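In: need a 3D model of the sequence below.
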Amino acid sequence: MKTLCALLAVVVLALALGPIAWAKSYDHPLIEQTFRLLPDGDAVVEEVRAFDFEGSFSWAEITRSTRGQYGRYGLDYEGVWDADTRQPLQHAVTRSGDDVTLRWSYQAQDETKRFLLHYRIRRAVQRYADVAQFYWQAVEGDHAPIGRVRIVIEPPRASPTLFKVFIHGRAAPGDLSFAPDFSRARVSQDNIPEKSFVELRVLLDPALFPALAVQRGESHESLLKDERAAARKVWLLRNLLLFGFALAGLLLVGLLLGFVWTYLRFGREPEVDYTAIYEREPPRALPPAVLPAIMTQAKVEKRDLHRGFAATLLEAARLGYLEMEEVQDQGLLGSGLFKDTDLVYLLTDKGEALLDRGAVTPEPDGRVLQPFEVGVLQAVFRRAGSGRRVTSDQIEAWGKKIVGSKSNFLRFIDEWGPGLRGWFERKYFKLDDPRSERAKTVFIGVAVGVLIVIFFVGVGVSLFVAGPVAAVLIGLAMKSLSRRTPEAALEVKRWEAFRRFMTDFSAMKDAGPRLLGLWEHYLVYATALGVAERLLENLKLVAAEIGQTMPAPRWWHSPSMGRGLTTMPAASIESLTRSFQNFQGLARSLSTSSRTGGGFSGGRRGGAPHVVLSLVARGVGRSGHDSAGPAHQAA
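Out: Numbering: from 1, shown residues only. Okay, here's the model as predicted:
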């Protein structure tokens, strides 16, 4: 009970605080910075940061590193103010190793606020023999989206002989301009995304910093060389990406054209000289279980095998190996309310002999059951039932029982299904064109190779375009690049014509009274082809239309039909239809048990939600560049 209360408390807290936590966000419409370089090499900075808040915030902080590529810097904060009211804000500065953190407090709720920061960067400039350098990361690499950055660089005095500014970053290029007398430079850049820093390298006349000692190790030319190398890297990366995108696009177009060519050459079904609309008799004397396995291309579809399983039980009944009996219970507590019917399957003496001894002598109009048909009887009577008797409920319970990661029925058809297709090919002819199968294998191999190449030469395309396109083409290839042999194409067309005949009342009526005498034989094939209920309905209509009755089956018994009748009255046909609907329901129920990784129960599994509440809008971070620079967060 305590655990349940705690769980409910977590859920209530998550529902209460979740919208508040997730509603907190902010961005920077504008960041303005002015860097005034002093003759002694320090830099005085005035920075205005605008925050557009959504939600409630009460503090912010910026962490800057004092260690850069060209040495260590000093960093002294003078204060933080509300930029609009000039009211000073409470702030604190902490130092940890090379990091200096400025944190200030305020109150903001769904508004835009601007903060003014004053600080001094000591030893900001490095002076060499023929150049002075100011190298600083003005905007950190981990921040909220920024609408615009405006930066002003002011040297101690005008520097007409040498004043160069290089801007590094991952955002789109901006604008750079100089005052006519070269007393300042202005940088403007828009739409700075998260994880994009803005970094400055300023080269000036070294005479502007007379108080600075001259350092060794760099020169005007070496610094320019460093910039040229960085520019070449950017150029090379950009062009490599463009080349990768172009190559990826060409490969995808080639792959698409290759798929079309392969399909036209090897994937289209062969043309056969067959124009009949109906087949009035089964085209071939096949065990009905085989039909679902040969009507598909390339492989057996597991979702169709339940029809072959059900048709095998009917065929075994028709041939005298088992009987079916419709049993009705007495309802709730024997009151007659909520009556239910069930089908009971009973092995005949002939069927029991088959399962016990493995062989029986077939009747003159019968045939020997194939091993895969005997396997169905073994599963139904010896695994699901008690040996000689089994009910539909028992068969369903056996089929749905999960053993390991699979149901019993899935385990059965995993072994049973491929054997059906193999049996047909061994006895008659190949179903799949071997050239088509080879072409499909080659295309899928090429497609996977193209995808690997695209991944290495054009990562962006491979992730957002090539991956889905190649996956779709591979999926289409697996489905559509398989082609039947001409013999198999004709076989399928004939069975499809037979299926059409069994679903067309007019065609069945034209077939005459002879059809009614063969209804059991037709029923097993209709079951395998998925049209059994349509066939029974049409048979009932044909019998009424021509004023004749259907022969009573020896293998089916129900309370509405006594034993020993040779014909089926209308009531018995209705009863058979209802029983057969139950039989079809059993087959469909077994088909749903072919999924893996789950069980069957009357309820739904529940559990506590996994809730993470974060009250921090952005995290602290740095760019990968080795110049000194800031990182910030607010909450």
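
In: any idea how far the most centrally placed residue in the chain lies from Ile454?
Out: In the chain, the centroid-proximal residue (Cα atoms, centre = their mean) is Pro468; its distance is 10.3 Å. Pro468 is 12 Å from Ile454, where distance means Cβ to Cβ, to the nearest Å. For every residue, glycine as well, the C-beta is placed using N, CA and C.

In: quick one: contacts of stretch 355-375?
Out: Outside stretch 355-375, the residues that touch it by Cβ atoms under 8 Å, 6 or more residues apart in numbering are 285, 287, 289, 312, 315-316, 319-321, 347, 350, 353-354, 377-378, 381-382, 412, 416, 419-420, 423.

In: so of those, which ones are in strands?
Out: Within the contacts of stretch 355-375, residues falling in strands by DSSP state E are Leu347.

In: can you tell me which of the contacts of stretch 355-375 are buried?
Out: Those of the contacts of stretch 355-375 that meet the buried threshold are 287, 289, 312, 315-316, 319-321, 347, 350, 354, 377, 381, 412, 416, 419-420, 423, by 16 or more other Cβ atoms under 10 Å.

In: mind listing which of these are in helices?
Out: 312, 315-316, 350, 354, 377, 412, 416, 419-420, 423 (DSSP state H).

In: now those residues in a markdown table, with distance to Ala60 and pLDDT?
Out: Converted to a markdown table, these look like this (distance: Cβ to Cβ, whole Å; pLDDT from 0 to 100):
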| residue | distance to Ala60 | pLDDT |
| --- | --- | --- |
| Thr312 | 75 | 93 |
| Glu315 | 79 | 94 |
| Ala316 | 80 | 93 |
| Lys350 | 89 | 93 |
| Leu354 | 84 | 92 |
| Leu377 | 78 | 94 |
| Phe412 | 66 | 91 |
| Trp416 | 68 | 92 |
| Gly419 | 71 | 92 |
| Leu420 | 71 | 94 |
| Trp423 | 76 | 95 |
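
In: ok, so of these, who is nearest Pro39?
Out: Phe412 (90.7 Å; Cβ to Cβ).

In: now the closest one. Nearest residue, chain neighbours left out?
Out: Closest residue to Phe412 apart from its sequence neighbours, by Cβ to Cβ, 6 or more residues apart in numbering: Ala379 at 5.7 Å.

In: that's a helix at the residue nearest to the centre of the chain, yeah?
Out: Yes - the assignment for Pro468 (DSSP: H, G, I helix; E, B strand; the rest coil) places it in a helix.

In: what's opposite His118 in the beta bridge?
Out: With DSSP bridges applied, His118 shows beta-bridge pairing to Glu46, Gly79.

In: so who does it touch?
Out: By Cβ under 8 Å, 6+ apart, the residues touching His118 are 44-47, 77-79.

In: can you do 10 Å?
Out: Going by Cβ atoms under 10 Å, 6 or more residues apart in numbering, His118 touches 44-47, 76-81.

In: from Gln87, how far out is it?
Out: 14 Å.

In: state the number of residues packed around the residue nearest to Phe412.
Out: Neighbour count of Ala379, defined by other Cβ atoms under 10 Å: 21.

In: thinking it is in contact with Gln394, fair?
Out: No - the criterion here is Cβ atoms under 10 Å, and Ala379 misses it with Gln394 at 11.5 Å.

In: can you name the next helix or strand after the helix or strand of the chain with the lowest mean pLDDT?
Out: Within the chain, no helix or strand scores below helix 2-23, which has a mean of 47 by mean pLDDT, DSSP states H and E. Counting by DSSP states H and E, the next helix or strand C-terminal to helix 2-23 is strand 25-27.

In: for the longest helix along the chain, name the packing helices and strands.
Out: Longest helix of the chain, by residue count under DSSP H: helix 220-262. Helix 220-262 makes packing contacts with strand 132-139, strand 163-169, strand 198-204, helix 434-457, helix 459-461, helix 467-480 when contacts are defined by 3 or more Cβ pairs under 10 Å, 6 or more residues apart in numbering; DSSP states H and E.

In: run the last query once more with 7 Å
Out: Using 3 or more Cβ pairs under 7 Å, 6 or more residues apart in numbering; DSSP states H and E, the elements in contact with helix 220-262 are strand 198-204, helix 434-457, helix 459-461, helix 467-480.

In: how far off helix 467-480 does that helix point, in degrees?
Out: 20 degrees (axes from the mean of the first three to the mean of the last three Cα atoms, to 10 degrees).

In: looking at helix 220-262 now, give me its mean pLDDT.
Out: Across helix 220-262, pLDDT averages out at 81.

In: report the inter-axis angle for it versus strand 163-169.
Out: 30 degrees.

In: which other helices and strands contact whichever helix or strand comes after helix 220-262?
Out: Using DSSP H and E, the helix or strand that follows helix 220-262 in sequence is helix 291-294. The contact analysis (3+ Cβ pairs under 7 Å, 6+ apart) places helix 291-294 against helix 305-318, helix 408-427, helix 519-529.

In: of these, which is nearest Gly387?
Out: The nearest among the helices and strands packed on helix 291-294, by Cβ to Cβ, is helix 305-318 at 15.9 Å.

In: what pLDDT, on average, does the helix or strand that the closest one is followed by get?
Out: Using DSSP H and E, the next helix or strand after helix 305-318 towards the C-terminus is strand 322-328. Strand 322-328 shows an average pLDDT of 86 in the prediction.

In: try stretch 499-513
Out: Mean pLDDT, stretch 499-513: 90.

In: in it, what's buried?
Out: Buried residues in stretch 499-513 (16+ other Cβ under 10 Å): 499, 501-503, 507-508, 511.

In: show me which of the residues you listed is closest to Ser558.
Out: Nearest member of the buried residues of stretch 499-513 to Ser558, counting by Cβ to Cβ, is Met502, at 23.3 Å.

In: between the helix or strand encompassing the closest one and helix 408-427, how big is the angle?
Out: Element membership for Met502 (DSSP H and E) is helix 486-503. Relative orientation of helix 486-503 versus helix 408-427 (the same axes, to 10 degrees): 120 degrees.
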